[in-house]
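J.: Got a predicted structure here, sequence first:
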Amino acid sequence: MKALYKYLLRSLYVLPILLLTACEDLISDVDAPVSSPKLVVNAVLIPEAPETEVYLFLSTPLYTPHQSGNLDTVSNAVVIISSGNQQVTIPFDESSQCYRIEAGLFPVIAGQEYSLLITTPSGYRAEASCTIPADSPPAPEVTARTVTEEYGNLSVSYSFRFRDIIGEGHYYATAMLTSLKDEFGNIYPAFDPGFDRGERYSSDAHRDGEYFNFKTSSYYEGVGQKTEFMAWIAVTDRNYYMYHRSVSSFEGEDPFSEPVPVFTNIKGGLGYFGAARGQFHILEDPGQN
């Protein structure tokens, strides 16, 4: 389970980090003022996760000449998370290039509010707060397993749904992970097959108590292989939902698209500090139940 959360958490940061350098190709040789860089924070608190991680970078100002396309990691900051009378300073981990602490050293508890304070020797300061959702995440109901054969390989996909928690103001995140086991018992790393139907980030606005429906993209299995599909379903806070929805709506490669402002709840910086409660569920063939 720890390995699954490691993969899941890493995937949450790749797109947002790339997003912050997506406009570089649109810059032309014009005289424009150079703005100051800002702290970029990416952090989500999940009670079920084995670790808490905070990713910290410096943004690249829009009109900076000779942009590299990569954000600089900030490794010398003081990162403090607190709740009530408890607080912890999270150390920087060289191997993962983020600030990381095991859950046992500072548990994240449902229903509680947490604050984040970041300072650096060069004078940067950023702060934010979030509240862990009190509700438990809903479980999926598998409605179909579709298998087709093409050129000796099996194409597999799943359809499933979950029901909104009664009461307004709920936000959800849904992700897929697969692991592949071959005929010799070797297990290959998980990856996200994506969805043909359904939204990764959704809210119950005008949908209180209704079902959210999903269909995974197909995955091809070779002879003797077995793929395990796992759905991660989480109920999230508004910060998590608003940030990821704005990121997923961003179109950085189309010069004619309308600009989409990226949500942030970081005072003195960019990015987000959010919360989620999520569980992994292995999707089973409903015909075998």
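T.: Ah, there it is.
J.: make it CA atoms for all contacts and neighbour counts henceforth
T.: OK.
J.: what helix or strand does the residue nearest to Asp93 when sequence neighbours are not counted sit in?
T.: Counting by Cα to Cα, 6 or more residues apart in numbering, Tyr99 is the residue found nearest to Asp93 once chain neighbours are left out, at 5.7 Å. Counting by DSSP states H and E, the element that carries Tyr99 is strand 98-102.
J.: picking up where we left off before, please name the bridge partners of the residue nearest to Asp93.
T.: Val54, Phe92 (DSSP bridges).
J.: Verify the stated contact: it with Glu53.
T.: Yes - Tyr99 lies in contact with Glu53 (Cα atoms under 8 Å); the separation is 5.6 Å.
J.: These two: which has the busier surroundings?
T.: For Tyr99 and Glu53, the more surrounded residue by other Cα atoms under 10 Å is Glu53, and the numbers stand at 27 against 22.
J.: got the contact list for the closest residue to the more buried one other than its chain neighbours?
T.: Spatial nearest neighbour of Glu53, chain neighbours left out: Arg100 (4.5 Å); criterion: Cα to Cα, 6+ apart. Shown in contact with Arg100 (Cα atoms under 8 Å, 6 or more residues apart in numbering): 51-54, 90-93.
J.: Looking at those residues, which one is closest to Glu127?
T.: Val54 (12.5 Å; Cα to Cα).
J.: picking up where we left off before, how about the contacts made by the residue nearest to Asp93?
T.: Listed by Cα under 8 Å, 6+ apart, the contact set of Tyr99 reads 53-56, 79, 90-93.
J.: if you set the cut-off to 10 Å instead, what comes out?
T.: 43, 52-56, 74-75, 77-79, 89-93 (Cα atoms under 10 Å, 6 or more residues apart in numbering).
J.: Please determine how far the residue nearest to Glu53 is located from Glu210.
T.: Distance of Arg100 to Glu210, given as Cα to Cα, to the nearest Å: 37 Å.
J.: same question, Arg197
T.: 16 Å.
J.: Ok, Val247 next?
T.: For Val247, the distance to Glu210 - Cα to Cα - is 25 Å.
J.: who has more neighbours, those two?
T.: Neighbour count, other Cα under 10 Å: between Val247 and Glu210, Val247 has more, with 18 against 13.
J.: How about residues contacting the helix or strand where that one lies?
T.: Here Val247, judged by DSSP H and E, is contained in helix 238-248. The contact list for helix 238-248, computed with Cα under 10 Å, 6+ apart, reads 12, 15-16, 19-20, 43-45, 129-131, 133, 169-173, 199-203, 235, 250, 260-266, 271-276.
J.: Could you list the domains of the protein?
T.: Here the domain parsing of the chain from automatic domain parsing is 2-134+237-277, 141-235+280-288.
J.: residues shared between the contacts of Tyr99 and Glu53?
T.: With contacts defined as Cα under 10 Å, 6+ apart, the residues adjacent to both Tyr99 and Glu53 are 43, 90-93.
J.: so where's the stretch 1-150 of the chain uncertain?
T.: Counting by pLDDT under 70, the ranges of the stretch 1-150 of the chain that qualify are 1-35, 62-70.
J.: please redo it, this time with the cut-off set to 80
T.: Along the stretch 1-150 of the chain, segments meeting pLDDT under 80 span 1-35, 60-70, 150.
J.: quick one: the helices in it?
T.: For the stretch 1-150 of the chain, helices defined by DSSP state H, counting those that start in this stretch occupy the ranges 2-19.
J.: And the strands in it?
T.: Listed in chain order, the strands of the stretch 1-150 of the chain (DSSP state E, counting those that start in this stretch) span 39-45, 51-58, 72-73, 78-83, 86-90, 92-93, 98-102, 113-119, 125-131, 141-150.
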